[in-house]
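Quick one: sequence plus predicted model below, questions after.
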Amino acid sequence: MDYNFTEIEKKWQANWAAHKTFKASDGTLSEVEGQPKPKYYVLDMFPYPSGAGLHVGHPLGYIASDIIARYKRHKGFNVLHPMGYDSFGLPAEQYAIQTGQHPKITTEENIARYRQQMDKIGFSFDWDREVRTSDPEYYKWTQWIFIQIFNSWYNKNSDKAEDISSLIKEFEANGNTNVNAVCDDDTKQFSTADWKAFTEKQQSDILMNYRLAYLGEAYVNWCPALGTVLANDEVKDGVSERGGHPVERKLMKQWSMRITAYAQRLLDGLDTLDWTESLKESQRNWIGKSEGTSLKFKVQQLPIINHQSSIFLEVFTTRPDTVFGVSFVTLAPEHNLVSSLTTAENKNAVEEYVTVSKNRSERERQAEVDKVSGVFTGSYVLHPFTGKQIPIWVGDYVLAGYGTGAVMAVPAHDERDFKFAKHFGLPILQVVKSERMLSEVETEVEAAYDAKEGKLINSDFLNGLDVKAAIKQAIAEIEKKNIGKGKTNYRLRDAVFGRQRYWGEPIPIYYKNGIPYALPENELPLILPEVDKYLPTEDGEPPLARAKDWRYRPLSSFGGGGAKATEEEYEYELSTMPGWAGSSWYFLRYMDAHNGLQFADKKLTDYWQQVDLYIGGSEHATGHLLYVRFWTKFLKDLGYINIEEPAKKLINQGMIQGRSNFVYRYDLKSDSGARIKPLFVSKNLATKSTNVDEDFLKDFNSKLEKTLPGPKNFIIDRTTSISFTPINVDVNIVENDILNIEKFRNWREEYRDAEFVFENEQYICGHEIEKMSKSKYNVVSPDDICEKFGADTLRLYEMFLGPLEQSKPWNTNGITGVSGFLKKLWRLFYPTSVDASTPLSVTDTEPTKAELKTLHKTIKKITEDIERFSFNTSVSNFMICVNELTDLKCNKRAILEPLLILISPYAPHITEELWSLLGHTESIAFSDFPMCNESYLLDDTFNYPISFNGKTRLQLEFPATHTIQQIEQEVMAREDVQKYLEGKTPKKVIIVPKKIVNIVV
């Protein structure tokens, strides 16, 4: 019987779906002999369902996680391996803007396509637990979590989030004098009497300074083309990641989340995680902890500033020891004092600079370290210790979101300050010298010395101190003069949460007399309303403002225990949640996907706990992976879950890159303007820069003559400069770089009558490795591979391409080898192909030692490979094993059954079919994974090299169990040994067991 992968794969995919083979059980429902099974939770970062569907790069991580899920089932674990969709997103909304089709329709169509593709690959997902972030039954709980965050504050004393009611009680009893909380920097102190005297609006505004989800003004990445705010990780090089639209910095009233409250815990938690060091370092750098001090510089009294009291510029510095080296102060373009500190003669220049700078992203400004720009305000501050005038500049290398948005510039000891000072001719004052520099003659400073070591010079009371001592002394003096305070700072900014778009979760807030209130939890979900267009209104309000009659009407109780809407109406919040909201807790919903009463039963969250293995792309390091850690810690603080981190182990799979193909077109214009047939020259001829031979010229001119209309008077010779334009061609009509001419001519209308110059009667395409993209025509669909070679071949081949974590190019040139391996595996069971009724050629005969050694050697290697996630080497080991068993003509059940279990996590369809044909009625998925018996790996004999005075003369084989004495006796008794001794008696015989025998004569 032949291996018919098409029928086999359809059969088992239908069988698994019908029997819900991979449905996970919860808690004590999963027992073996009365004992709960150990649990294993393996999760993929769920996909955004785009219209293009999956290409062969997308399943890489899914296949790896599926191998682990299947392996763990074999090992007796209760496996949770779910899948869902991150189904709110900008692409569906942009498509809705262009076509008018509701994003829900587009999203559902895309999900259906994704599901169809994933089913074809044979993943062992528990589809009963599928979640979609755009489903109201799901985002009801996203909204519920938002309300919990809104109704919480961060108590530094307990180092966790607490309900806002406890803070209100403290205000009522003692004001905020004793409150130690994470809050806005400009929060003012008040007494109990003050609190009670405040209006409801004033109390609300004060509480907003403490809430973990709050409404406040913030500089955001505003994208006019998309009509929404974007997160920092959604902006690349000043344009939106999706669509490439310009992004500008804009001060807006926005909902934000106080993730900064968790900065230290987010840092500390990294040490507990089995994540790659590079990913953890990305998060450490993003959080950006630094120890230093605040320091106030008094603004010099100037007539341009209308003030009644002194104005101070506050900076944060990690190097207070260098305070005597300050030669200027630089403000971020967004700093709120820029306009008031700018003199009349500098006004135009400063305003122009600020406008340009604010429209560049923070990432862009940080990355361009060699680009120096700035402008003088015309104002000065006074040095806090010397009283000297220091000019105030504006520079875009200073960020409003870090520290105070102002820096004390010490050009001799900071590289960016140094470049700024050199560019604008500002003083460079050296105040720290290394031991080596102290012995050198003082010269002009040629580079910034920023090492935290050396001695202080030119620094008054700090002179002679080393850097560490000087930092402590400087902070002490600053605090003594009451002009600053030692503090810890973080680069991490609060996360902007509101988006001015349609397709997202409505924020469950309404406004009464200008005060934001959370919706009652029993009125969730707040359903996304219908709108006539998906664009902002003509007044610039978000798309939700277009919804008709969409207002909050409070429910009031009435007789019979029911409720009815009152006549009061209040405006809803019009922004929606960001894309990362739904993905920040989805791993918890999979534990209890259909619970209508809570986001997940605590018994189930206690059972499943953390994700044991999380697989996804490294691009989420400073986005999703920070936010999901933040929400997890918050939910633990409030007692809803008992875990501090979402995932124990995380693997970032590499990218499968596209392998683009090119054809080479000769460009020639007709003098008459008539159309010229396209002419394509094979790669090695088109790219040949010298030695153009006569045969090529003859063929080229012959084809060229066919393409030209009118008189044929244009001839190419050796003196003619010939150039060709490489054009991307659809890789699906190219095989092993050979172009299918017929398919190419049918690919596009303009190529129907194309002419070609071949080499060896074939058209060879060029190639290049680059990202898979529709515009490059290098996207390969897994559907096509499954149709041509089968899903098991696709699964094995994606693993075979290389280590999971590494990026590698897609190249189908080697896929036939993997396909051939599966056919060879099949032939171990069906060595001859007759017809469908041919019985299996499998016997119950006892296996030979050689067969057992091959099997157990493979068990050992595959177990080690899977445990260390080395899936590519597993495929190689499978091939070696099947080749050896084929050579041994093995058809023993005792060998082939364990082999099927070994291979089943990688190639589930063919193994399930053969397992069934062997007479098993239960799925192979639950068979025990074979254990390696090390005794079968031991050799029965050893072939010893026999040396005389160090020179090997012959080989002798002895049982592996022989003692040294037995080996010596048998060696000396051999006739061929005596021949080499020539009658002499050995001085000694050196025997190293299982190594060598050396006879010293």
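Sure thing, it's come through.

Could you use CA atoms for every contact and neighbour count after this?
Fine.

and the residue of the chain most remote from its centre, what are its phi and psi?
Going by C-alpha atoms, centre = their mean, the residue of the chain most distant from its centre is Gly983, 75.2 Å out. With angles defined as degrees, to the nearest 10, Gly983 sits at phi 80, psi 0.

Which secondary structure state is assigned to Ile910?
The three-state label given to Ile910 by DSSP: H, G, I helix; E, B strand; the rest coil is helix.

in which helix or strand would I find the nearest residue to it once chain neighbours are set aside?
Excluding its sequence neighbours, the residue lying closest to Ile910 (C-alpha to C-alpha, 6 or more residues apart in numbering) is Ile8, at 6.9 Å. Here Ile8 sits within helix 5-19, counting by DSSP states H and E.

and stretch 174-188, which residues are buried?
Asn174, Gly175, Asn176, Ala181, Val182, Cys183 (16 or more other C-alpha atoms under 10 Å).

and these, which of them are in helices?
Of the buried residues of stretch 174-188, the ones assigned to helices by DSSP state H are Asn174.

With pLDDT and distance to Ser65 as new columns, can the buried residues of stretch 174-188 be given to me in TSV?
Shown next, in TSV, are the buried residues of stretch 174-188 (pLDDT from 0 to 100; distance: C-alpha to C-alpha, whole Å):
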residue	pLDDT	distance to Ser65
Asn174	96	54
Gly175	96	53
Asn176	96	50
Ala181	97	42
Val182	96	39
Cys183	95	41
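
wait, which of the buried residues of stretch 174-188 is closest to Ala894?
Val182 (65.4 Å; C-alpha to C-alpha).

how near is the closest one to Asn209?
9 Å (C-alpha to C-alpha, to the nearest Å).

doesn't Val239 make contact with His245?
Yes. Taking contacts as C-alpha atoms under 8 Å, His245 lies within contact range of Val239: 5.0 Å.

Now do the helix holding Ile8, average pLDDT.
Averaged across helix 5-19, the pLDDT comes to 97.

Which strand or helix spans Gly403?
Judged by DSSP H and E, Gly403 forms part of no helix or strand.

Next one: the nearest residue to it once chain neighbours are set aside from Glu805, what distance?
In space, Gly403 comes closest to Phe316 once its chain neighbours are excluded; the distance is 5.5 Å by C-alpha to C-alpha, 6+ apart. As judged by C-alpha to C-alpha, Phe316 and Glu805 stand 39 Å apart.

Whichever helix or strand Tyr353 is part of - contacts with which helices or strands?
Using DSSP H and E, the element containing Tyr353 is helix 347-358. Counting by 3 or more C-alpha pairs under 8 Å, 6 or more residues apart in numbering; DSSP states H and E, the packing neighbours recorded for helix 347-358 are strand 248-257, strand 375-382.

That one relative to strand 248-257, how many degrees between them?
60 degrees (axes from the mean of the first three to the mean of the last three C-alpha atoms, to 10 degrees).

May I have helix 347-358 exported as CSV, CA atoms only?
What follows is helix 347-358, C-alpha atoms only, in CSV (Å, rounded to 0.1, in the frame of the first residue of the first chain):
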residue,chain,number,x,y,z
LYS,A,347,11.4,83.4,19.9
ASN,A,348,11.1,82.6,16.2
ALA,A,349,14.2,80.3,16.1
VAL,A,350,13.1,78.5,19.3
GLU,A,351,9.5,78.0,18.1
GLU,A,352,10.7,76.7,14.7
TYR,A,353,13.1,74.3,16.4
VAL,A,354,10.6,73.0,18.9
THR,A,355,8.0,72.3,16.1
VAL,A,356,10.5,70.3,14.1
SER,A,357,11.9,68.4,17.1
LYS,A,358,8.6,67.5,18.7
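
excluding its backbone neighbours, what's nearest His55?
Per C-alpha to C-alpha, 6+ apart, closest to His55 is Ser781, 4.5 Å.

is it true that the one you found touches Ala52?
No. Using C-alpha under 8 Å, Ser781 makes no contact with Ala52, being 9.7 Å away.

Comparing the two, which residue is more hemmed in?
In this view Ser781 and Ala52 are compared by other C-alpha atoms under 10 Å, and Ser781 has more residues nearby, 17 against 12.

Contacts only, for the more buried one.
Counting by C-alpha atoms under 8 Å, 6 or more residues apart in numbering, Ser781 touches Leu54, His55, Val56.

Residues contacting the helix holding Ile8, please?
With C-alpha under 8 Å, 6+ apart, helix 5-19 has contacts from Phe22, Asp119, Lys120, Gly122, Glu787, Phe789, Gly790, Ala791, His909, Ile910, Glu912, Glu913.
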